[in-house]
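A.B. asks: predicted model follows, preceded by the sequence.
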Amino acid sequence: MIRRIFLDSHTLYASTASGLSRSQFEAFARQLPLLYLILVVNSFAVAFTHVGTAPAWLAIYAPAAMCSACILRLFVWLGRRKYLASMSDAQVAARLKNTVLLIALLGIIFTGWGLLLFPYGDPYARAHVAFYMSITVIGCIFCLMHMRTAALLLTAIVIVPFTVFFSLTHNLVLIAIAINVVLVSIAMIIILLTYYRDFARLVESQRALEAKQSELQHLSDENLRLANLDSLTGLPNRRRFLADLDALFRSTKDGQAGFAVGVIDLDGFKQVNDVYGHGAGDRVLEEVGRRLLQFSAPTLSLARLGGDEFGLLVRDVTDRQQLLDLGASICSALQVPYAWQGTTARLSGSLGFAMSPSTGRSPAQLFEHADYALYFAKEHRRGGTTIFSREHEEQIRELGQVDQALRHADLEREMTLHFQPIVDVSSQRVISYEALARWNSPSLGLIPPSLFIKVAERSGFIHALSVKLLCKALAEMRAWDPATRIAFNLSAHDIGSAEAVGNIVDIVTKSGIAPGRLTFEVTETALIQDFEQATSSLHALKNLGVRISLDDFGTGYSSLTCIHRLPLDKVKIDRGFLKDIDSDATAQNVVRSIVELCRSLKLTCVVEGVESGVQVSVLRGLGCTVMQGFYFGHPAPFGSRGPVQQNFA
Ligand code: C2E
Ligand code: CA
Ligand code: CA
C-alpha cells in the first residue's frame, strides 16, 4: 500500500522558518565583505583627515584597532563560510543571533568613535564626520537588507544618537543633515521592510516547492519499489528479475566470473489451487517464498516470476557441481510437506539452470535456455535440477526444424492415421481402435508423434492439427462397419477453451458419425492446466454423447479427488507400469488398486503397452480385462490391418 506523507502545518512552518534563516544567512554572507569594506574604507578616510587635529589614540590607534578587528573578523568569516552547507538549523540560528549582536556592537563602537571625533578639526572636518556617519549607516543598512532585525537595530543605534547629537549642536546645517539622514533612513527602512517581506515569501514558496518535490520523489520511489515487488511473497518480481539479469549480464560481459540463471516451477501446485482453492494456493506460494529466502545470499538473488514460477540469479559460479548442489538443496527444501489450516499437501519444485557465458549470448537467450532446462527437468527429472547443455541446444535446434517443417506441412497429404486395436480379453473381441497420428515429412522423413505433438503443443499449432486429424479419422470411419469404434487423442489446447471444444463438437456433429462410436482420450497433464475449463469442456463433449478416457493414468498428479469430479468413462493405465509387471510387486499393487478404484467408480479400466502373453495372464490375475499393446497388434493403417492376435488367454 502506498504510504502517504503528510506535512502538518507545524512542521511545514518550522521547516520554512529554519529555511528562511539559512537563506538569510546565505544572502547576507555574500554582502558581508562589502559591509566591512565600507566600514573600514570610510573610517580610514575620516581618521586620515583628523590626524594632527585629534589626539593620536582617537585619530590613529582606535581606528587602527577597530579596522584591524573588522578585517580579522572578515577573514575568520570567509574561512568559515564553506561550512555553512553542513551546519544544522540550530547552528545557523545561533550564528545569525551572534551576527545581530556583533552588528549592534560595531554600531555602538563606530558611532561612539565618530561622535568623539566630531569636536576636533575645522568645520569641514566636522562636516566630514557627519557625512561619514550618515553615508556609512546608509551603506550598512543596504548591506543588511536580508537581516531585518540587524538592519533595524543598527538604524536605531546610529540614527538616534546621531540626530540627538547634531540637534544639540544648534548648527542649522548639521541639524538639516540630521533631518535628511533620518528621512532617508525612514525611506530606506520602508523599502527594506517591503523587500524583506518579498524575500521571506520567496524563500517560503521555494521551500514549499522543495517539500512538495521531495514528497513526489518519495511517492515515485515508493511506486518504483512496488512496481518491482511481488505483493504476495514480498520477493522481487519478474520485471525486476529481468532488469537484474540484464545488469548482471552487462557487468560480467568481459569474461570474468560466470553466473547462472535459474527458473523453478512447482510440480503439483495447480492441484492445490484446484482442489483447495486459491486461498490455499496463496498460502503455499508464500511458504515457498519463505523457504527460498533461506537461500538468499550476496551471491544469490531470488524473484517470483509469476504463477508458481520463481527465478534465481547465482553469481560467482565456478562449476556445474556447485549449481547441482544448490539445486538439490532447494528442491529438497521445497519437498517438505506444506501445512495450512489442518491440511497438508506434498509438492515438489523442478529447477532449470543456464550458465553464462558458456550457454547464452544474451540475457534473453540465457533465460530461454534456463526455461528449456526447466522444461526438460519437468519431463525427465521432475522435482530435480537440470543444467542447460550442448545436448539441449541440439534438441532445441531439432525442435526448431520440426516446428518449421510442421508450419509449412501439407497436413492433408503428409499426415495419416494408424489404428491400434483395444481388446476385451474376456470376450476375445476388439472393442475399439486407438487412432494414432503419423507424419511423413518430405524434408525430415518420418517423425514420431511423441516429437511433433510436443512441438505442436509448444507452438500452439496443436489445435489446428487435432482438427485436421479428427476430420480425417471421421472421414475414414464412414467407410467402416458402423459398429467399429475409435479412441481419439485430444490435447490440452483442445479442451483449454470453450471455442476449441466448440470446434470439436461441431466437427463431430457435422460428420454424421454417431458420437457413441467415439472415445476422446485426454491426459492428466492436459486437465490440470486449467481444471475448471477442462471439466466444463469434458461435460460439453459428454453431452454430445461421446465417451471420455483418462490417458496415461499414474504418470502425473491426478488425485482421486480429481477423478470423481470428472465425467469419465475409462481410465488408461500408463504403459510404464507394465515394464516389469510379471515380477515387480509394487507395480502389481498399483495396477490392482487402480483396477479396484475403477470398479468402485464404475469406470472401464484399459491397460496399454501389453507386449507379451505373460503380461496378459498377470494382468488378468489382477482383474484387468481391457488391453491394448503390440501383443494384440501394432498401430497400422486401417485397411492394411492383419488379423488381431486371437490367443488372448
Ligand atoms: P499414447 O496416447 O499413450 O499412445 C499410445 C502409444 O503407445 C502409441 O505411441 C503407441 O504406438 C504406443 N504403443 C502401443 N502399444 C505399445 C506396446 O505394446 N509397447 C510400446 N512400447 N508402445 C506401445 P505413438 O503412436 O508413438 O504415440 C505417442 C504419443 O503421441 C501418444 O501416446 C499420444 O500422446 C501422442 N499422439 C499420437 N497421436 C496423436 C494424436 O492424433 N493426437 C494427439 N493429441 N496426440 C497423439
Ligand atoms: Ca492415447
Ligand atoms: Ca497413453
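C.D. replies: On my side now, so go ahead. Numbering: from 1, shown residues only. Ligands and ions are numbered 1, 2, ... in the order given.
A.B. asks: where in this protein is pLDDT low?
C.D. replies: Within the chain, the ranges that satisfy pLDDT under 70 run 1-19, 253-257, 556-562, 641-649.
A.B. asks: residues from the protein in reach of ligand 1?
C.D. replies: Proximity of the chain to ligand 1 is confined to 420, 436-437, 448-450, 453, 466, 469, 489-491, 521, 551-552, 575, 608-611, 629-630, 635 under the rule C-beta under 6 Å from any ligand atom. Every residue, glycine included, has its C-beta placed from N, CA and C.
A.B. asks: rerun at 5 Å
C.D. replies: 436-437, 449-450, 453, 469, 489, 491, 609, 611, 629-630, 635 (C-beta under 5 Å from any ligand atom).
A.B. asks: pick out whichever of those residues sits closest to ligand 2.
C.D. replies: Comparing these against ligand 2 with C-beta to the ion picks out Asn489 as the nearest, at 4.6 Å.
A.B. asks: so that closest one versus Ala526, what's the distance?
C.D. replies: 10 Å (C-beta to C-beta, to the nearest Å).
A.B. asks: spell out which residues of the chain are next to ligand 2.
C.D. replies: Within the chain, the positions lying close to ligand 2 (C-beta under 5 Å from the ion) are 489, 521, 551.
A.B. asks: dump those residues to TSV, plus distance to Ala176 and secondary structure.
C.D. replies: Shown next, in TSV, are these (distance: C-beta to C-beta, whole Å; DSSP: H, G, I helix; E, B strand; the rest coil):
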residue	distance to Ala176	secondary structure
Asn489	118	strand
Glu521	119	strand
Asp551	118	strand
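A.B. asks: for these, which one is nearest ligand 1?
C.D. replies: Distance to ligand 1 across the residues of the chain next to ligand 2 (C-beta to the nearest ligand atom) is lowest for Asn489, with 3.5 Å.
A.B. asks: what are the bridge partners for the closest one, then?
C.D. replies: Beta-bridge partners recorded for Asn489 (DSSP bridges): Glu521.
A.B. asks: hey, which helix is longest across this protein?
C.D. replies: Ordering each helix of the chain by length in residues (DSSP state H) puts helix 172-227 first.
A.B. asks: among the residues of the chain next to ligand 2, who's most crowded?
C.D. replies: Of all those, Asp551 has the most neighbours under the rule other C-beta atoms under 10 Å, reaching 23 neighbours.
A.B. asks: which stretches of the stretch 301-450 of the chain form helices?
C.D. replies: Using DSSP state H, counting those that start in this stretch, the helices of the stretch 301-450 of the chain run over residues 320-335, 363-380, 390-407, 411-414, 449-459.
A.B. asks: for stretch 621-635, buried residues please.
C.D. replies: For stretch 621-635, the neighbour count (16 or more other C-beta atoms under 10 Å) marks 622, 624-629, 631-633, 635 as buried.
A.B. asks: same check, this time on stretch 237-253
C.D. replies: Here stretch 237-253 shows 237, 240-242, 244-245, 248-249, 252 as buried, counting by 16+ other C-beta under 10 Å.
A.B. asks: stretch 342-358 now?
C.D. replies: Neighbour-count burial for stretch 342-358 flags 345, 347-356 (criterion: 16+ other C-beta under 10 Å).
A.B. asks: what about the closest residue to Leu115 other than its chain neighbours, neighbour count?
C.D. replies: Once flanking residues are discounted, Leu115 sits nearest to Phe165: 5.6 Å by C-beta to C-beta, 6 or more residues apart in numbering. Applying other C-beta under 10 Å, we find 17 residues neighbouring Phe165.
A.B. asks: tell me the secondary structure at Phe165.
C.D. replies: Three-state assignment for Phe165 (DSSP: H, G, I helix; E, B strand; the rest coil): helix.
A.B. asks: note down every partner strand of the longest strand anywhere in the chain and its orientation.
C.D. replies: Ranked by number of residues, the top strand in the chain under DSSP state E is strand 429-441. The strands beside strand 429-441 in its sheet (DSSP bridges) come out as strand 415-424 (antiparallel), strand 445-447 (antiparallel), strand 486-489 (parallel).
A.B. asks: so which bits of the first one are buried?
C.D. replies: For strand 415-424, a neighbour-count test (16+ other C-beta under 10 Å) marks 415, 417-424 as buried.
A.B. asks: out of the residues you listed, which is nearest to Val590?
C.D. replies: Ile422 (20.7 Å; C-beta to C-beta).
A.B. asks: how close does the residue located most distally from the centre of the chain get to Phe241?
C.D. replies: Relative to the mean C-alpha coordinate of the chain, counting by C-alpha atoms, centre = their mean, the farthest residue is Asp122 (86.9 Å). Separation of Asp122 from Phe241 (C-beta to C-beta) stands at 91 Å.
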